[in-house]
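[1] Structure, please.
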Amino acid sequence: MIKRKISDGLKEIVSLKEKILLETTAKIQSIEEKREEKFIQGYYDGYTKGIIDVMDNFIPLISLAMLRT
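    This next block holds a predicted model:
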């Protein structure tokens with residue numbers, strides 16, 4: 001009877017440990033995915049801003065060139 005209670009207790013501990021491990025792994029994966037999404041979003045935001053900045057500088061140059069012709 002005592003062995004059975006100990007065995008049941010150990011099984012419950014192992015089950016809880018596995019559950020916690022799965023939850024922790026899922027949280028870590030979620031954090032990594034969010035970090036990657038933020039990195040990609042930041043990259044594209046910077047890329048887009050760069051294009052806009054170039055266009056903002058380029059359009060006045062085209063206008064000047066057209067005025068001179």
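
[2] Can you list the low-confidence ranges for this protein?
    69 (pLDDT under 70).

[3] Residue 25: neighbouring residues, count only.
    10 (other Cβ atoms under 10 Å). (C-beta placed from N, C-alpha, C; glycine too.)

[4] Repeat that for residue 2.
    The burial count for residue 2: 6, using other Cβ under 10 Å.

[5] same check, this time on the one 5 residues further on
    For residue 7, the number of neighbouring residues by other Cβ under 10 Å comes to 10.

[6] what's the spacing between the one helix or strand it maps to and its chain's center?
    In this assignment (DSSP states H and E), residue 7 forms part of helix 2-68. Distance of helix 2-68 from its chain centroid, counting by Cα atoms, centre = their mean, to the nearest Å, is 0 Å.

[7] Next one: the spatially most central residue of the chain relative to residue 5, how far apart?
    With distances taken as Cα atoms, centre = their mean, the residue of the chain nearest its centroid is residue 34 (2.2 Å). Separation of residue 34 from residue 5 (Cβ to Cβ, to the nearest Å): 43 Å.

[8] try residue 40
    53 Å.

[9] just residue 52 next, same as before
    From residue 52 to residue 5 the distance is 69 Å (Cβ to Cβ).

[10] same check, this time on residue 31
    Per Cβ to Cβ, residue 31 is found 39 Å from residue 5.

[11] do residue 33 as well
    Distance from residue 33 to residue 5, by Cβ to Cβ: 42 Å.

[12] Great, nothing more from me.
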